[in-house]
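**Student:** heads up, no residue letters with this:
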């Protein structure tokens with residue numbers, strides 16, 4: 001099944017990162033409760049400390065824009081992350097392709 005993946009790239013000043021991650025910890029509750037959301041992950045760049053990427057898999061673009069954004073869970077989500085909206089560098093939807101696989105280290109991730 002092809003899903004829609006939304007990537008949101010942020011540039012967050014070092015002094016704001018604790019608050020940013022806290023905001024997404026709170027916003028994640030709304031994502032987890034939303035029937036349109038498959039999963040999500042916030043990643044912090046190792047090479048450029050001010051960069052973050054949020055990946056959200058949605059059931060479809062329509063479900064995200066018409067369902068989640070107009071639904072009961074969006075207000076809590078947006079309220080939590082509102083202070084960081086101006087720090088967004090990219091917010092786009094992508095469709096997955098058939099190019100997918102696992103590497104030799106799969107299952108051996110470090111905790």
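**Tutor:** Received the coordinates, thanks. In this text the structure is predicted, and so the values were computed from the model without any measurement.

**Student:** three-state assignment of residue 47?
**Tutor:** Following DSSP: H, G, I helix; E, B strand; the rest coil, we place residue 47 in the coil state.

**Student:** how much space separates it from residue 34?
**Tutor:** Between residue 47 and residue 34 the distance, using C-beta to C-beta, to the nearest Å, works out to 32 Å. The way it works is simple: take the backbone N, C-alpha and C, and place the C-beta from them, glycine included.

**Student:** the more surrounded of the two?
**Tutor:** Summary of the neighbour comparison: residue 47 and residue 34, criterion other C-beta atoms under 10 Å, with residue 34 having more neighbours (22 against 5).

**Student:** so where is this protein shaky, pLDDT-wise?
**Tutor:** Per-residue confidence for the chain (pLDDT under 70) gives these ranges: 1-2, 110-111.

**Student:** just the strands in it please.
**Tutor:** Here the chain has its strands, by DSSP state E, at 4-11, 37-44, 51-58, 88-95.

**Student:** any chance of those in CSV, plus mean neighbour count?
**Tutor:** As requested, these are arranged in CSV below (neighbours: other C-beta atoms under 10 Å):
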stretch, mean neighbour count
strand 4-11, 17
strand 37-44, 15
strand 51-58, 18
strand 88-95, 11
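
**Student:** I'd like those laid out as JSON lines, including distance to residue 103.
**Tutor:** Formatted as JSON lines, the strands of the chain follow (distance: least, C-beta to C-beta, whole Å):
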{"stretch": "strand 4-11", "distance to residue 103": "19"}
{"stretch": "strand 37-44", "distance to residue 103": "17"}
{"stretch": "strand 51-58", "distance to residue 103": "18"}
{"stretch": "strand 88-95", "distance to residue 103": "21"}
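
**Student:** which one's the longest helix in the protein?
**Tutor:** When secondary structure is assigned using DSSP state H, the longest helix within the chain turns out to be helix 17-33.
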